[in-house]
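Colleague: Generate a structure from the sequence data that follows.
(2 chains)
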Protein chains: 2
Amino acid sequence: MNSMPTRFGAELPPWVLEEIAGDPAALPGVEERMRLVNRLAERNHREDTGGPFAAVVSRRDSGEVLSVGVNLVLTYDLSSLHAEVVAISLAQVRLGTWNLGPHELELAVNWRPCVMCYGAAMWSGVTRLVVAGEGDDLERLTGFDEGPMRDDWREQFERRGIEVQSGVLRAEATAVFRAYGQRTDAVVYNGRG
Amino acid sequence: MNSMPTRFGAELPPWVLEEIAGDPAALPGVEERMRLVNRLAERNHREDTGGPFAAVVSRRDSGEVLSVGVNLVLTYDLSSLHAEVVAISLAQVRLGTWNLGPHELELAVNWRPCVMCYGAAMWSGVTRLVVAGEGDDLERLTGFDEGPMRDDWREQFERRGIEVQSGVLRAEATAVFRAYGQRTDAVVYNGRG
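Modeller: Next up is the predicted model:
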């Protein structure tokens, strides 16, 4: 076996750091954090760097933002680069550990995670998930497949020490999904045979 | 906001390329592919580069191996670097696309994927999943939490064009898990608060 690829990775697009440069280091209110998530999600698809999704990892006590992520599937041609995976990975880079658990962190996302990111959140050690909403609006507005979730997904999180808050700036989130779905060049990056 | 981390990634440990250097470029039999998976999984934990898991992406028609992956959570301190994510990402690097679907590829893994990798496989475009086994042996032998899967996980795959074959070299796979579970320094990297 030769010519085997050996490395992969991702870097936030330059516009992300430019976008957040003027923001305070801590966002104590949950709506402030979700407003940042929605802003990054909207700009991500407008910039054509990925789908209309973003995520923010912050400290539960202070609201200090440790990392931000946007969906980068299209930028890097890697199907696992959903916003949650990017934000979680960057928080782990920052703290130098695969286990965010002892740091008491929140993951905020602009919709309930897909089945992959449901697991990614579960293994990361975040202890709180905040989402703008859940249900079939996202799939209806954008065409994305979010995968087969269990009805007791929230209880399964809570059993593992992850609390869930839903319904934060939901209308703002669905407005972003609607705008993406209305683009004639929107890409639905669910790989299929 | 400043000092925000911006990049993350992974590279296969040098021993992986050394390990496969003498193997043929194509492994036409499913047991040959699983034997490679089990071999890489075993060596991965012996080398202390990650948990006892490996994955291989190959062409369904010829058995040509496009990429291999091992669990690299502990090497890079990134909780999403399960073997499946590594192998899928490297196949996408090799083919230059997030959608492996048109290439008719198989993902072989030494156990049924956890809930995160279930989604990662689903979004990658692989059209065939081969696993050494499924059920609670893995969790019992190693202590890993595989997450809440739906009872109809296989039908959900098939509905999306992904066929599943289970029970390939199962005893060899569980022997690796048992060896890992018996290590006094085994790490169970399910992040928890």
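Colleague: make it CA atoms for all contacts and neighbour counts henceforth
Modeller: OK.
Colleague: contact partners of the worst-scoring helix or strand of chain A on mean pLDDT?
Modeller: Across the helices and strands of chain A, mean confidence by mean pLDDT, DSSP states H and E is lowest for helix A:137-142: a mean of 92. Where contact means C-alpha atoms under 8 Å, 6 or more residues apart in numbering or on different chains, the residues beyond helix A:137-142 that reach it are A:W111, A:F144, A:D145, A:E146, A:T174, A:F177, A:R178, A:Y180, A:G181, A:V188.
Colleague: Kindly format the C-alpha coordinates of stretch A:133-144 as CSV.
Modeller: Backbone C-alpha positions of stretch A:133-144 (Å, rounded to 0.1, in the frame of the first residue of the first chain) are rendered in CSV as follows:
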residue,chain,number,x,y,z
GLY,A,133,-34.9,24.9,18.3
GLU,A,134,-35.7,21.3,17.3
GLY,A,135,-38.2,19.5,15.1
ASP,A,136,-38.7,19.3,11.4
ASP,A,137,-38.4,23.0,10.5
LEU,A,138,-34.8,22.6,9.6
GLU,A,139,-35.2,19.7,7.3
ARG,A,140,-38.3,21.2,5.7
LEU,A,141,-36.6,24.6,5.1
THR,A,142,-33.3,23.4,3.9
GLY,A,143,-33.6,19.8,2.7
PHE,A,144,-30.9,18.5,5.1
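Colleague: residues of it that come out buried?
Modeller: In terms of neighbour count (16 or more other C-alpha atoms under 10 Å in any protein chain shown), stretch A:133-144 has its buried residues at A:G133, A:L138, A:L141, A:T142, A:G143, A:F144.
Colleague: and which of these is nearest to A:T75?
Modeller: Out of the buried residues of stretch A:133-144, the one with the shortest distance to A:T75 is A:F144. That distance is 17.6 Å, counting by C-alpha to C-alpha.
Colleague: for the closest one, helix, strand, or coil?
Modeller: Reduced to three states with DSSP: H, G, I helix; E, B strand; the rest coil, the structure at A:F144 is coil.
Colleague: In chain A, where is pLDDT below threshold?
Modeller: Filtered on pLDDT under 70, chain A yields the residue ranges A:2.
Colleague: So which residues of it form helices?
Modeller: Under the criterion DSSP state H, helices of chain A are mapped to A:14-20, A:30-46, A:73-76, A:83-95, A:115-124, A:137-142, A:153-159, A:170-182.
Colleague: Just the residues contacting the fourth one, thanks.
Modeller: Contacts of helix A:83-95 with the rest of the structure, by C-alpha under 8 Å, 6+ apart, involve A:53-57, A:66-72, A:98-100, A:107, A:109, A:113, A:117, A:120-121, A:124, B:4-8, B:77-80.
Colleague: how far out from the middle of the chain is it?
Modeller: On the basis of C-alpha atoms, centre = their mean, to the nearest Å, the separation between the geometric centre of helix A:83-95 and that of its chain is 10 Å.
Colleague: Mind listing what's buried along it?
Modeller: Judged by neighbour count using 16+ other C-alpha under 10 Å, the buried positions of helix A:83-95 are A:A83, A:E84, A:V85, A:V86, A:A87, A:I88, A:S89, A:L90, A:A91, A:Q92, A:V93.
Colleague: hang on, the earlier thing: from the buried residues of stretch A:133-144, pick the one nearest B:F157.
Modeller: If you rank those by distance to B:F157 using C-alpha to C-alpha, A:F144 comes first, at 15.8 Å.
Colleague: from what I can see that closest one touches A:N190, true?
Modeller: Yes - here A:F144 lies in contact with A:N190, judged by C-alpha atoms under 8 Å, at a distance of 7.0 Å.
Colleague: how close does A:V187 get to B:T142?
Modeller: 40 Å (C-alpha to C-alpha, to the nearest Å).
Colleague: Pull the contacting residues for A:A186.
Modeller: Listed by C-alpha under 8 Å, 6+ apart, the contact set of A:A186 reads A:Y180.
Colleague: If we use 10 Å, what do you get?
Modeller: A:H45, A:D48, A:G50, A:G51, A:P52, A:T142, A:G143, A:A179, A:Y180 (C-alpha atoms under 10 Å, 6 or more residues apart in numbering or on different chains).
Colleague: Equivalent analysis for A:T97, please.
Modeller: Residues counted as contacts of A:T97 (C-alpha under 10 Å, 6+ apart) are A:S89, A:A91, A:S124, B:V73, B:L74, B:Y76, B:D77, B:L78, B:S79, B:G191.
Colleague: same deal with A:N44?
Modeller: Residues counted as contacts of A:N44 (C-alpha under 10 Å, 6+ apart) are A:P13, A:W15, A:V16, A:N38, A:G50, A:G51, A:P52, A:F53, A:A54, A:V70, A:N71, A:L72.
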